[in-house]
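In: Mind looking at a prediction? Sequence and model below.
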Amino acid sequence: MDFQKLTGTILLLFMALFWSINASGQSVNYSKFGKGLQFIAADSSFSVQMGLRFQVLYSGGQNLTPEQDWEDQFLIRRSRLKFSGFAYSPKLEYKVELGLSNRDIGGTLSEEQNFASNVILDAVAKWNFAKGWELFVGQTKLPGNRERLISSQQMQFVDRSLLNSRFNIDRDAGLQLHHEHTLGNVLVREITSISSGEGRNITADNAGGYDFTAKIEILPLGAFESSGEYVGSDIYREEKPKLAIAAAYDYNDDASRDRGQLGDYLSDTRDLRTFFADAMFKYKGFSAMAEYAHSQVEGTPVVSYTETGTVEEAFVTGEAFNIQAGYLFKSNWEVAGRFTTYDPTDATMRLPEDQYTLGVSRYIVGHSLKVQGDLTLQDTPAQDNTYQARVQMELAF
């Protein structure tokens with residue numbers, strides 16, 4: 001069965017399920033725009049929330065010197081089908097998220113690299129086994145940098161930064177232990193995880209060792225409105241100043257892909273270590289976020305050279321810094337700016353890059369219905385500066 005037939009079958013099955021549940025009067029419908037279709041069984045033994053969202057993107061760019069033709073495209077940047085709720089008990093929650101666009105599933109698949117069809121983004125159960133404690137089992141995002149943990153539906157710009165594209169640790173299958181507690185008015189969270197280290201939907205044996213991640217997050221001014229520390233923009237207009245500070249460390253034993261859980265498979269492995277630090281601040285429509293990432297390997301990151309001495313295979317190592325800020329007016333228009341700098345390890349022969357981005361957003365129904373646009377200057381030494389312009393519409397229900 002090809003992918004399109006599989007997707008259509010899934011949609012038909014769930015449509016039939018919801019129709020039959022409604023028709024038999026065995027559930028209560030709590031649907032609301034932006035929150036998906038929500039059903040709770042009459043005996044409260046389970047719940048289902050189904051949501052669909054997509055992003056339509058226009059992107060164009062041009063080198064300045066020498067001036068080249070404008071190159072652009074329209075595409076469906078993301079298209080997602082999400083299911084969540086609880087099963088048996090409200091203390092046992094689940095989340096399933098499917099990616100339907102070509103960009104979601106990874107484009108061309110390679111059998112030699114053990115790629116599965118990357119339809120499944122999340123498939124995780126969350127067990128609240130004691131007060132303040134949760135155990136995650138399955139595949140979901142690892143507790144890495146804040147920008148990656150912010151949903152692609154709830155971003156402040158059209159897409160994430162250069163820091164994220166180079167160093168984020170993405171999704172992986174395994175176990176995560178979450179703990180949350182307070183010290184006076186200070187909210188503290190600790191997370192540890194152990195996962196396969198190869199990324200999502202790997203069907204062959206683990207090519208390297210396991211991946212170990214630890215993270216601590218401190219909210220010294222108390223909790224944000226509706227978990228706003230993981231939402232782009234101050235969409236909830238915090239009445240009091242709110243601040244979140246976090247640090248994370250990831251150790252990928254014998255990583256076989258050039259970015260750990262992401263990227264190309266290489267002909268040799270390395271122990272890959274990545275450190276993240278970030279902060280988020282919000283107050284009355286103003287928001288600011290800063291992130292730092294540093295990645296290194298044991299020994300040299302270069303795996304192989306060509307006959308001419310250029311790098312053929314290398315792990316993505318080095319450091320990056322990203323800072324962004326924006327103000328959301330009461331009219332629900334927002335203006336935001338972002339600066340990102342990327343400095344790769346010299347041995348990899350990759351070029352450093354700075355990016356300057358100016359963004360404008362119109363939130364019609366929060367992050368569920370919005371239009372965003374941004375303009376980015378990409379500054380790379382020894383290469384021509386490039387401008388990139390993007391406009392994107394997000395629709396989610």
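Out: Everything's here; your move.

In: From here on, just use CA atoms for contacts and neighbour counts.
Out: Noted.

In: Mean pLDDT per helix and strand in this structure: which one sits at the bottom?
Out: helix 3-23 (a mean of 54; mean pLDDT, DSSP states H and E).

In: Read off the pLDDT value for Asp72.
Out: With respect to pLDDT, Asp72 scores 90.

In: From Gln153, how far out is it?
Out: Distance from Asp72 to Gln153, counting by CA to CA, to the nearest Å: 23 Å.

In: next one: Trp133
Out: From Trp133 to Gln153 the distance is 27 Å (CA to CA).

In: Now do the strands in the stretch 51-200 of the chain.
Out: 71-87, 89-99, 120-130, 133-141, 171-183, 186-195 (DSSP state E, counting those that start in this stretch).

In: so what's the residue most central in space within the chain up against?
Out: For the chain, the residue nearest the mean C-alpha position is Arg148 (3.6 Å; CA atoms, centre = their mean). Going by CA atoms under 8 Å, 6 or more residues apart in numbering, Arg148 touches 160, 164, 168, 170.

In: One more: Ser295?
Out: 167, 272-275, 316-319.

In: Derive a PyMOL selection command for the buried subset of these.
Out: To isolate the buried members of the contacts of Ser295 in PyMOL, using 16 or more other CA atoms under 10 Å:
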select buried, resi 167+272+273+274+275+316+317+318+319
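
In: Out of the contacts of Ser295, list just those in strands.
Out: Among those, the residues falling in strands (DSSP state E) are 272-275, 318-319.

In: Let me have those residues in JSON lines, adding distance to Ala244 as columns.
Out: Listed next are these as JSON lines, based on distance: CA to CA, whole Å:
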{"residue": "Leu272", "distance to Ala244": "27"}
{"residue": "Arg273", "distance to Ala244": "24"}
{"residue": "Thr274", "distance to Ala244": "20"}
{"residue": "Phe275", "distance to Ala244": "17"}
{"residue": "Gly318", "distance to Ala244": "25"}
{"residue": "Glu319", "distance to Ala244": "22"}
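
In: Output the residues you listed in CSV, with distance to Thr306 and pLDDT appended to each entry.
Out: Below are these laid out as CSV (distance: CA to CA, whole Å; pLDDT from 0 to 100):
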residue, distance to Thr306, pLDDT
Leu272, 23, 97
Arg273, 26, 97
Thr274, 27, 98
Phe275, 30, 98
Gly318, 22, 97
Glu319, 25, 98
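
In: quick check, nearest of those residues to Thr345?
Out: Taking CA to CA as the measure, Thr345 sits nearest to Gly318 out of the ones in strands among the contacts of Ser295, at 4.6 Å.

In: Correct me if wrong: that closest one contacts His294.
Out: Yes - contact criterion CA atoms under 8 Å: Gly318 and His294 qualify, at 5.8 Å.

In: Need the contact partners of stretch 176-185.
Out: Here stretch 176-185 has contacts from 132-137, 187-194, 220-222, using CA under 8 Å, 6+ apart.

In: Now which of those would you call buried?
Out: Burial of those was assessed by neighbour count (16+ other CA under 10 Å); the buried members are 133-137, 187-194, 220, 222.

In: Could I get the contacting residues of Asp234?
Out: Counting by CA under 8 Å, 6+ apart, Asp234 has contacts 228, 282-287, 327-328.

In: SS state for it?
Out: coil (DSSP: H, G, I helix; E, B strand; the rest coil).

In: Report the buried residues of stretch 55-69.
Out: Those would be 55-59, 61-63, for stretch 55-69 by 16+ other CA under 10 Å.

In: mind giving me JSON lines with those residues and columns for distance to Leu92 and pLDDT?
Out: Output for the buried residues of stretch 55-69, formatted as JSON lines (distance: CA to CA, whole Å; pLDDT from 0 to 100):
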{"residue": "Gln55", "distance to Leu92": "31", "pLDDT": "97"}
{"residue": "Val56", "distance to Leu92": "34", "pLDDT": "97"}
{"residue": "Leu57", "distance to Leu92": "36", "pLDDT": "97"}
{"residue": "Tyr58", "distance to Leu92": "40", "pLDDT": "97"}
{"residue": "Ser59", "distance to Leu92": "41", "pLDDT": "95"}
{"residue": "Gly61", "distance to Leu92": "47", "pLDDT": "91"}
{"residue": "Gln62", "distance to Leu92": "50", "pLDDT": "88"}
{"residue": "Asn63", "distance to Leu92": "52", "pLDDT": "84"}
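
In: Now flag whichever of these is closest to Gly309.
Out: Asn63 (28.5 Å).

In: what's the burial count for the closest residue in space to that closest one that isn't next to it in sequence?
Out: Nearest residue to Asn63 in three dimensions, chain neighbours excluded: Thr386, at 4.5 Å (CA to CA, 6 or more residues apart in numbering). Residues lying near Thr386 (other CA atoms under 10 Å) number 18.

In: Run through the residues that contact Thr386.
Out: Counting by CA under 8 Å, 6+ apart, Thr386 touches 61-64, 377-379.
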